[in-house]
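Asker: give the three-dimensional model of this entry:
(one chain, ligands or ions: 2)
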Amino acid sequence: MALLEILHYPAPALRTRAEPVNEVTEEIRKLAEDMAETMYAAPGIGLAANQVGVLLRLFVIDIADDDEPSQLRVFINPEIVEADGEQVYAEGCLSLPGVSEEIKRAEHIVIRALDAQGQPFELSTDGLLAVAIQHENDHLNGITMIDKVSTLKKKKMQRQVQRAVQEANAG
Ligand code: K1U
Ligand code: ZN
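Answerer: Ligands and ions are numbered 1, 2, ... in the order given. All right, here's what the predicted structure looks like:
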């Protein structure tokens with residue numbers, strides 16, 4: 001397995017719609033494994049392929065707490081087929097370091113996707129898992145949290161990201 005570089009806003013890949021995966025091959029499974037390792041190392045609860053510069057429709061999620069067994073989920077060519085209700089959650093984003101912002105999303109969703117074996121599945125879920133799925137699905141469509149806030153908040157978030165990246169580069 002390998003750690004991948006996580007791109008930071010405003011990298012062009014974060015603004016680009018990803019393409020469907022044609023076939024779930026060993027190469028795609030290896031990418032999903034590397035993305036999972038990168039997500040755990042960050043640490044984070046999700047990671048979309050755009051965030052590591054790969055423009056394919058695939059993301060990984062694990063919302064298990066540190067004291068729980070890991071529950072890695074791989075979503076390939078995901079489609080949110082139902083979305084209802086409303087919830088607000090203070091989200092983070094590994095591509096927007098230093099930022100936490102309350103984002104309004106659907107409370108309950110139904111998603112269809114392929115798993116790492118290429119098998120179709122459907123998941124009906126709510127709460128944090130639904131938030132994380134919507135966040136990662138937005139990444140695949142070239143949308144980040146910064147596109148969901150007011151112009152004033154957007155400017156604040158851009159400054160926060162610049163500062164966090166500078167601090168990280170300074171060591
Ligand atoms: O896609 C990403 O940028 C990953 C992002 C996912 C996410 C977090 C919160 C709400 C919606 C989507 C993150 O994982 S940010 C880091 C984070 O949430 C976290 C980090 C350490 C422990 C627990 C959570
Ligand atoms: Zn993100």
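Asker: quick one: end-to-end length of stretch 109-119, please.
Answerer: This stretch, stretch 109-119, spans 20 Å end to end (CA to CA, to the nearest Å).
Asker: gap between the two ends of stretch 40-47?
Answerer: End-to-end for stretch 40-47, by CA to CA: 10 Å.
Asker: just the strands from the protein, written as ranges.
Answerer: 46-48, 58-61, 73-84, 87-91, 101-105, 108-114, 120-126 (DSSP state E).
Asker: turn those into TSV, including distance to residue 17 and mean pLDDT.
Answerer: No exception for glycine: its C-beta is placed from N, CA and C like everyone else's. Supplementary listing: those in TSV, determined by distance: least, CB to CB, whole Å; pLDDT from 0 to 100:
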stretch	distance to residue 17	mean pLDDT
strand 46-48	12	99
strand 58-61	13	98
strand 73-84	13	98
strand 87-91	21	98
strand 101-105	19	97
strand 108-114	17	98
strand 120-126	22	98
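Asker: which one of the ones you listed lies nearest to residue 161?
Answerer: With CB to CB as the measure, strand 101-105 is the member of the strands of the chain nearest residue 161 (11.5 Å).
Asker: related to what we said a few turns ago, pick the most buried one from the strands of the chain.
Answerer: strand 46-48 (a mean of 28; mean count of other CB atoms under 10 Å).
Asker: so which elements touch that one?
Answerer: helix 26-41, strand 58-61, helix 127-140 (3 or more CB pairs under 8 Å, 6 or more residues apart in numbering; DSSP states H and E).
Asker: return the distance of the first one from the chain's centre.
Answerer: The gap between the average C-alpha position of helix 26-41 and the chain average comes to 13 Å, counting by CA atoms, centre = their mean, to the nearest Å.
Asker: on that earlier part again, in JSON lines: the strands of the chain, plus distance to ligand 1.
Answerer: Formatted as JSON lines, these follow (distance: least, CB to the nearest ligand atom, whole Å):
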{"stretch": "strand 46-48", "distance to ligand 1": "4"}
{"stretch": "strand 58-61", "distance to ligand 1": "8"}
{"stretch": "strand 73-84", "distance to ligand 1": "12"}
{"stretch": "strand 87-91", "distance to ligand 1": "4"}
{"stretch": "strand 101-105", "distance to ligand 1": "8"}
{"stretch": "strand 108-114", "distance to ligand 1": "13"}
{"stretch": "strand 120-126", "distance to ligand 1": "13"}
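Asker: make TSV out of those strands and add distance to residue 25.
Answerer: Converted to TSV, the strands of the chain look like this (distance: least, CB to CB, whole Å):
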stretch	distance to residue 25
strand 46-48	19
strand 58-61	12
strand 73-84	11
strand 87-91	32
strand 101-105	32
strand 108-114	12
strand 120-126	17
